[in-house]
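**Q** Need a 3D model of the following:
(one chain, ligands or ions: 1)
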Amino acid sequence: MLVCRDRNWIILCNCDNGNTPGSTRERFTIAHELGHYHIPEHRRQLISGGRPHGSHAGAFDGAESIEELEADTFAANLLMPPARFVPRLRSLKQPPLQSAVSLRKEFDASLESTAIQTMRHDSRVIAVAKWDADALAWHRISEPFFRETGYRQFKFRQQSQLQHDCATAVALADSKSQFDSTIHETVATAAYCFGYVAAGGKRDILLREEAVRNGRFGVVSMFSILNEVEAKRR
Ligand SMILES: [Zn+2]
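**A** All right, here's what the predicted structure looks like:
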């Protein structure tokens with residue numbers, strides 16, 4: 001958390017929460033708290049006696065407040081500045097989750113935040129989902145696909161809803177001790193993944209589903225346009 005005491009600003013980091021010194025998580029947590037300091041509305045709230053609020057940096061889980069999301073976005077842009085991130089992303093010419101896995105190492109950022117940054121800057125990416133054990137932890141649908149294409153409802157909440165051989169299900173079955181595990185890839189359809197999309201209709205395009213286990217932190221899956229011709233139109 002970020003605390004203001006006698007005009008001194010202090011960032012407190014819980015080491016028991018995985019913020020070991022020098023770790024990717026610690027970097028993200030500090031960048032997140034710097035966001036609360038640098039975003040004027042957040043700072044004003046702290047100065048005006050608002051109690052310091054605990055943060056779950058890097059959760060990106062949509063369940064928390066808009067302030068947390070803003071601080072996470074600030075942190076992602078601080079650690080992966082678009083001016084450096086976008087040229088690297090374009091030069092990789094790989095499926096999006098593969099790119100994210102390479103870039104997270106290069107930028108020393110978490111897989112979740114790199115996946116979201118990749119979604120913001122790769123127009124092929126439709127959605128990112130994070131799974132804990134056998135349930136969906138959070139998901140994000142990219143702005144253009146949510147607003148313009150109308151992919152508004154991600155259908156999956158439980159592992160039991162997934163086809164047993166889809167990339168996400170296979171990654172969920174991978175060992176929790178695997179960090180740099182294989183990226184699984186299968187093909188899905190938009191109607192299968194999103195609600196209110198008519199099967200066989202114009203919006204029912206083929207999707208690339210990629211998924212990778214991130215050790216005990218669960219599985220990240222990414223859905224993107226499969227067809228390169230379709231992708232170039234966007
Ligand atoms: Zn926070």
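**Q** So for the host helix or strand of residue 29, mean pLDDT?
**A** Assigned by DSSP states H and E, residue 29 belongs to helix 24-38. Average pLDDT, helix 24-38: 92.
**Q** Would it count as contacting the ion?
**A** No - judged by Cβ under 5 Å from the ion, helix 24-38 stays clear of the ion, getting no closer than 5.5 Å. Every C-beta, even on glycine, is put in place using the N, C-alpha and C of the backbone.
**Q** Now do the closest residue to residue 107 other than its chain neighbours against residue 230, distance only.
**A** Counting by Cβ to Cβ, 6 or more residues apart in numbering, the nearest residue to residue 107 once its immediate chain neighbours are dropped is residue 80, at 4.8 Å. Distance, residue 80 to residue 230, using Cβ to Cβ, to the nearest Å: 27 Å.
**Q** And for residue 183?
**A** Going from residue 183 to residue 230 by Cβ to Cβ gives 22 Å.
**Q** where in the protein is pLDDT low?
**A** Counting by pLDDT under 70, the chain contains low-confidence ranges at 50-64, 229, 231, 233-234.
**Q** Which stretches in it count as strands?
**A** Listed in chain order, the strands found in the chain under DSSP state E are 2-5, 8-11, 125-132, 135-141, 184-189, 206-213, 219-225.
**Q** quick check, distance from stretch 171-179 to the centre of its chain.
**A** Mean-position distance between stretch 171-179 and its chain equals 18 Å (Cα atoms, centre = their mean, to the nearest Å).
**Q** more neighbours, residue 80 and residue 230?
**A** Using other Cβ atoms under 10 Å, the more surrounded residue of residue 80 and residue 230 is residue 80, with 26 against 12.
**Q** What residues does the more buried one make contact with?
**A** Counting by Cβ atoms under 8 Å, 6 or more residues apart in numbering, residue 80 makes contact with 103, 107, 109, 113-114, 117.
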